[in-house]
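Quick one, what's the 3D model for this:
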Amino acid sequence: MSLRIFTYMKGCSAPEVDNHAVDEEIYEYSFKNPASLMRLIPIFRSCDLIFDFTEGDSFSDIYGMKRFYTQSFLKLLAIRSSGGLVLGPQTIGPFQRPMVRRIAQRILKGSLEVFARDSKSAKNAVELGRLDVTTVTDVAFLLAYDENSYRGVCREGQNFGLNVSGLLAAGGYTRSNQFGLTVDYLAYIERLIGWAVGRGMTVHLIPHVVGGEDELDSDTGICRELHRRYPETVLAPTFSSPMDAKSYISAMDVFSGARMHSTIAAISASVPVVPFSYSRKFEGLFESLGYRYCIDGRALGTDEAFDRTVHYICSPFIEPDVRKAQEEIGRRCLEFTSALDGIIAEGADGRFRSR
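Numbers count the residues shown, from 1 in each chain. Predicted coordinates:
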């Protein structure tokens, strides 16, 4: 069979599925280059299956219409051209505009299989008419890492990893509180740094989306600026891959972050984590794991968010709850990999082409 996976995260590779050979081919395309998009058509037609994970959380219009339309174009092209589109585990919605809902409905109904990474997303898909949705969890929980590669960065005492989102610090892509935060995000971050340093903790400022300091979606610039203001902190390096970032996070004693995949890296590496939520995707994912330590940045005031974060970090229950969540992660990941094996086997037999 021919299986090509289009991914938006550097460092990812094709899956290994028992008893099935899966070839990996990376094709670069750009919406600024129409010819590169046209060349996708014969590639898609040659595929028995196309898997689309939409970056885990971008099948929604909360990040703006441009991202939604570009992501949807590829899905609709895959549905039209290939043996079948499989929506991998991801957040589905919210879809706030009527036109967006109609496009999402067409994609959901036209997909061969749909996996949600939380029950709220599954419910959203059902409301749009896709009744057979399998709820599993995020595949990023399975990301490999080296737990020893960054042990040398840790100092004596407790090491607190803090991921600071450049996107939230900027007010979103619109620069005007795009996500409707009720928390003063930067004031909250600076209070956390001051509190942790005052307790003798070593604060590691960890950018998880990396890029140039002036790039709106990058965490690099704000982390460097905070390190300049608080030189007693440790500034993490620019990571070469998601696995590299997870390896650094795994060395922490406790972690908090607003980039969802940074918090996924933490909990799957057995690090107690307090996610800072700017979207229902956080609560949807972590609540489905029985993990109750999210800070809702759209409902709490700055003082309450800070107090609750400190309470969670100091809670004696957070470590055993991490272990319980890991058990549920293992169960859900096994469910997905088993389903994936079956899907690929069916595709290898050519049964999708005859539907």
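
now the nearest residue to Pro237 once chain neighbours are set aside, what's its secondary structure?
Once flanking residues are discounted, Pro237 sits nearest to Tyr248: 7.7 Å by Cβ to Cβ, 6 or more residues apart in numbering. For every residue, glycine as well, the C-beta is placed using N, CA and C. Following DSSP: H, G, I helix; E, B strand; the rest coil, we place Tyr248 in the helix state.

start at 594 instead
In the new count, where the first residue is 594, that last one comes out as Tyr841.

Tally up the residues packed near Tyr841, please.
By other Cβ atoms under 10 Å, 23 other residues sit near Tyr841.

and it, how far is that from Asp645?
Per Cβ to Cβ, to the nearest Å, Tyr841 is found 29 Å from Asp645.

Kindly report the same for Leu893.
Taking Cβ to Cβ, one finds Leu893 at 34 Å from Asp645.

Of these two, which one has the most company?
Shown here are Leu893 and Asp645; by other Cβ under 10 Å, Asp645 has more neighbours (22 against 19).

Now for that one: which residues touch it?
Shown in contact with Asp645 (Cβ atoms under 8 Å, 6 or more residues apart in numbering): Phe599, Leu667, Lys668, Ala671, Leu678, Val679, Leu680, Gly681.

Now tabulate the residues you listed in CSV and tack on secondary structure and distance to Glu818.
What follows is the contacts of Asp645, written out as CSV (DSSP: H, G, I helix; E, B strand; the rest coil; distance: Cβ to Cβ, whole Å):
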residue, secondary structure, distance to Glu818
Phe599, coil, 34
Leu667, helix, 35
Lys668, helix, 38
Ala671, helix, 41
Leu678, strand, 42
Val679, strand, 41
Leu680, strand, 38
Gly681, strand, 36
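
from the chain's centre, how far out does stretch 774-789 sit?
22 Å (Cα atoms, centre = their mean, to the nearest Å).

Could you give the number of residues near Glu749?
7.

quick one: it from Pro830, how far?
As for Glu749, its distance to Pro830 is 21 Å (criterion: Cβ to Cβ).

and if you look at Phe879?
Distance from Phe879 to Pro830, by Cβ to Cβ: 28 Å.

Only the buried residues of stretch 921-934, if you could.
Of all the residues in stretch 921-934, those buried under the rule 16 or more other Cβ atoms under 10 Å are Ile922, Arg925, Cys926, Phe929, Thr930, Leu933.

Quick one: mean pLDDT for it?
Averaged across stretch 921-934, the pLDDT comes to 94.

Good, we can wrap up now.
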